[in-house]
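build me a model from this:
(one chain, ligands or ions: 1)
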Amino acid sequence: MNVHDSERISGLLESAGYELAAEADPDVIVFNTCAVRENADNKLYGTLGMLLPKKEANPKLQIAVGGCLAQKDQDTILEKAPWVDVVFGTHNMGVLPALLDRAKHNAEAQIEILESLDVFPSTLPSKRESSFSGWVSISVGCNNTCTFCIVPALRGKEKDRRPGDILAEVKALVLDGAIEVTLLGQNVNTYGVEFGDRGAFAKLLRACGEIEGLERVRFTSPHPAAFTDDVIAAMAETPNVMPQLHMPLQSGSDKVLKAMKRSYRSAKFLGILDRVRAVMPEAAITTDIIVGFPGETEEDFQDTLEVVRKSRFVSSFTFQYSKRPGTPAAKMDDQLPKEVVQDRYERLLAVVNEVSWEENKLIVGTEVELLVSSETGRKDGKTNRLTGRAKDNRLVHFEVPEGGIVPRPGDAVRVVITRAAPYFLVADHSPGSLYEVRRTTGGDAHDRRQLESCGVDSASSTKVGLGLPIRVKSAI
Ligand code: SF4
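Numbers count the residues shown, from 1 in each chain. Predicted coordinates for the structure are as follows:
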């Protein structure tokens, strides 16, 4: 969600006349902050401290801080770092250009934090990082009250976007060259509750299946409590919905789940995975796990390890519990000592890595279709490898054979997996082994963007020159 918001902030500033600064002395620096983990606070204030000498040397430099931490800390940011020019919240990203102008005009810091959303962020312009893959927000906020989580306090109650608006945005992305779309929400399977349709998420997936040119549909995140069979059926029966599911476990102990106010129990969680695998045996399931929640005993921790072993996650995002001020768990008495949390975290990591490696080994020798990445898709000189994502979202480094076609980011490649590691797979080439490249409209979109970034008008292939009017340089 944060990455997607950053794309909106970039698009918004660009449409207001700003440009990304290539050099190290921008006129504007924007921080889009996250407050989910404790480290984010420390990092922000540390970085703001480092910017003070720059600000003193160049008083025209503007610094803006937005996102969840700004929503949470509000005035504190200006108390700790009075050289910040603008503070804006999660609900009003759209006002950033106006606040920057006002701060400059009035020569004083501007804070604007709204308590609830007025304009759905998806109506703001966006500057997408990828030309062939895009995020589409279907809801913001969350109606749950997980006791460790700061999200409801900062993002507010769930607000659902109308299906017609979402599908129009997906179609516009596809027209612009995207072949992969990820539907985003804090809790995607409660989507529709606000407008009275509990089956809306399954319908949305099926409607995405009708969009011509859209090859891969993903979503994040569902919640085990509200994950219903109509969604499983829609996933299985809609060919462009990918066989991938991120299902946050958080803990395998029913006692801890109760204390976390997660309204499912481990048996229900495992039952969902069984039902998903019954209709999509190829589905890759990933998760989030927190260790060291207040009151977690060694026995509770062993329950988590047991559920991890049974769940066969292909990868797990593991977190050490940290107190988030403003959450109910931060006030619980039985906080665990740091060494206990660290020890459990290391033992959990060993188990999740072992399970992921075993799961990855199972697909060695099978054929996969990869979407070539641009972010990690650098050609490695020694191995001649590029990187792509399989349909189930696993990361695969694949070898381009000597003399073989080099795919563009956004193209599709068919290869056979030759080796597994805990965090990725490898597809090395040998004489006669499969290597097929399919050019896609995503690859075309990537080419177009490359040309445009060099100042070439890709529609007419004529140079438009590099001296475009620049109002102000900025780094985002
Ligand atoms: S469902 Fe997710 S976003 Fe909502 S309160 Fe729980 S952890 Fe936070």
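
the residue lying closest to Asp25 once chain neighbours are set aside and the ligand: what is the separation?
Distances taken as CB to CB, 6 or more residues apart in numbering put Asn58 closest to Asp25, at 7.4 Å, once the chain neighbours are dropped. All C-beta spots, glycine's among them, are computed from the backbone N, C-alpha and C. With distances defined as CB to the nearest ligand atom, to the nearest Å, the gap from Asn58 to the ligand amounts to 39 Å.

kindly report the same for Val307.
Val307 sits 17 Å away from the ligand, going by CB to the nearest ligand atom.

report the contact partners of the closest residue to the ligand within the stretch 251-400 of the chain.
Across the stretch 251-400 of the chain, no residue is closer to the ligand than Arg262, which sits at 7.1 Å (CB to the nearest ligand atom). The contact partners of Arg262, taken as CB atoms under 8 Å, 6 or more residues apart in numbering, are Cys146, Pro224, Ala225, Gln250, Ser251.

in a helix, it, correct?
No: the assignment for Arg262 by DSSP: H, G, I helix; E, B strand; the rest coil gives coil, which leaves it out of any helix.

dihedrals phi and psi, it?
For Arg262, the backbone dihedrals (degrees, to the nearest 10) come out as phi -100, psi 120.

about what we covered before: just the contacts of Arg262 now: which is nearest the ligand?
The ligand lies nearest to Cys146 out of these, by CB to the nearest ligand atom, at 3.1 Å.

number of nearby residues for that closest one?
Cys146 has 21 neighbouring residues, counting by other CB atoms under 10 Å.

pretty sure it is touching Ser263, no?
No: taking CB atoms under 8 Å as the contact criterion, Cys146 and Ser263 are not neighbours in contact, 9.5 Å apart.

that older thread, phi and psi next, for the residue nearest to Asp25.
Per-residue torsions, Asn58: phi -140, psi 90 (degrees, to the nearest 10).

how close does it get to Leu20?
When CB to CB, to the nearest Å is the yardstick, Asn58 and Leu20 sit 18 Å from each other.

the nearest residue to Thr228 once chain neighbours are set aside: what's it in contact with?
The shortest distance from Thr228 to any residue that is not its chain neighbour, by CB to CB, 6+ apart, is 6.7 Å, and that residue is Asn189. Contacts for Asn189 (CB under 8 Å, 6+ apart) come out as Phe201, Pro222, His223, Ala226, Phe227, Thr228, Val231.

mind checking the SS state of Asn225?
One thing to correct before we go on: residue 225 is Ala, not Asn. helix.

and it, how many neighbours does it have?
Ala225, neighbours per other CB under 10 Å, totals 17.

where are the low-confidence patches of the stretch 201-350 of the chain?
Applying pLDDT under 70 to the stretch 201-350 of the chain flags no residue at all.

and the residue of it that's closest to the ligand?
The ligand sits closest to His223 of the stretch 201-350 of the chain, with a gap of 5.1 Å, by CB to the nearest ligand atom.

hey, which strand is longest across the chain?
In the chain, with assignment by DSSP state E, the single longest strand is strand 284-291.

with adjacent residues omitted, what lies nearest to Val84?
The spatially closest residue to Val84, leaving aside those adjacent along the chain, is Ile63, at 5.0 Å (CB to CB, 6+ apart).

that neighbour is in contact with Gly49, isn't it?
No: Ile63 is not in contact with Gly49 according to CB under 8 Å; the separation is 11.6 Å.

and those two? which has more neighbours close in?
Ile63 (24 against 12).

which residues does that one contact?
Val28, Ile29, Phe31, Leu48, Leu51, Lys55, Ala81, Trp83, Val84, Asp85, Val86.

one more time with 7 Å
By CB atoms under 7 Å, 6 or more residues apart in numbering, the residues touching Ile63 are Ile29, Leu51, Lys55, Trp83, Val84, Asp85.

in terms of pLDDT, where does it sit?
We have a pLDDT of 95 for Ile63.

with the one 3 residues further on instead?
What the model reports for Gly66 is a pLDDT of 90.

secondary structure element for it?
In this structure, Gly66 is located in strand 62-67 according to DSSP states H and E.

partners of that strand in the sheet?
The sheet places strand 62-67 alongside strand 28-33 (parallel), strand 86-88 (parallel), with pairing taken from DSSP bridges.

near the ligand, which residues of the protein show up?
The chain comes close to the ligand at residues Cys142, Asn144, Cys146, Cys149, Val151, Pro152, Gln186, Asn187, His223, as judged by CB under 6 Å from any ligand atom.

wait, isn't the fifth one in contact with Gln186?
Yes: the pair formed by Val151 and Gln186 meets the contact definition of CB atoms under 7 Å, at 5.9 Å.

before we move on, back to that, out of the contacts of Asn189, which comes closest to Asp160?
Asp160 has its nearest neighbour among those in Phe201, at 9.6 Å by CB to CB.

which residues touch that closest one?
With contact taken as CB under 7 Å, 6+ apart, Phe201 is in contact with Val188, Asn189, Tyr191, Gly192, Val231.

how about the helices in the stretch 351-476 of the chain?
Remark: helices of the stretch 351-476 of the chain, listed N- to C-terminal, are 441-453; assignment by DSSP state H, counting those that start in this stretch.

beta partners for the closest residue to Lys361 other than its chain neighbours?
Here the nearest residue to Lys361 in space, its sequence neighbours aside, is Ala420; by CB to CB, 6+ apart that works out to 4.4 Å. Beta bridges link Ala420 to Leu425 when assigned by DSSP bridges.

residues in contact with Ala420?
Under the criterion of CB under 7 Å, 6+ apart, the contact partners of Ala420 comprise Trp357, Asn360, Lys361, Val364.

can you pick out the most distant pair from those?
Maximum pairwise distance among those (CB to CB): 11.0 Å, between Trp357 and Val364.

sort the contacts of Phe201 by pLDDT and name the bottom one.
Model confidence across those bottoms out at Asn189, which has 87.

on the three-state scheme, it is what?
In the three-state summary, Asn189 is assigned as helix, counting by three-state DSSP.

use 36 as the first number from now on
Sure, I'll start numbering at 36, so the last one becomes Asn224.

separation between it and Asp265?
The separation that Asn224 has from Asp265, given CB to CB, amounts to 10 Å.

wait, what's in contact with the residue lying closest to Pro117 once chain neighbours are set aside?
If you skip the residues right next to it in sequence, Pro117 has Ala144 as its closest partner in space, 7.3 Å away by CB to CB, 6+ apart. Neighbour list for Ala144: Leu113, Val119, Asp120, Val121, Ala138 [criterion: CB under 7 Å, 6+ apart].

likewise Asp427?
When contacts are taken as CB under 7 Å, 6+ apart, Asp427 is in contact with Met277, Pro278, Gln279, Glu317, Ala318, Ala319.

could you flag which of those residues are buried?
Applying 16 or more other CB atoms under 10 Å to the contacts of Asp427, the neighbour count classes Met277, Pro278, Gln279, Ala318, Ala319 as buried.

quick check: bridge partners of the last one?
Residues in a beta bridge with Ala319, per DSSP bridges, are Gln279.
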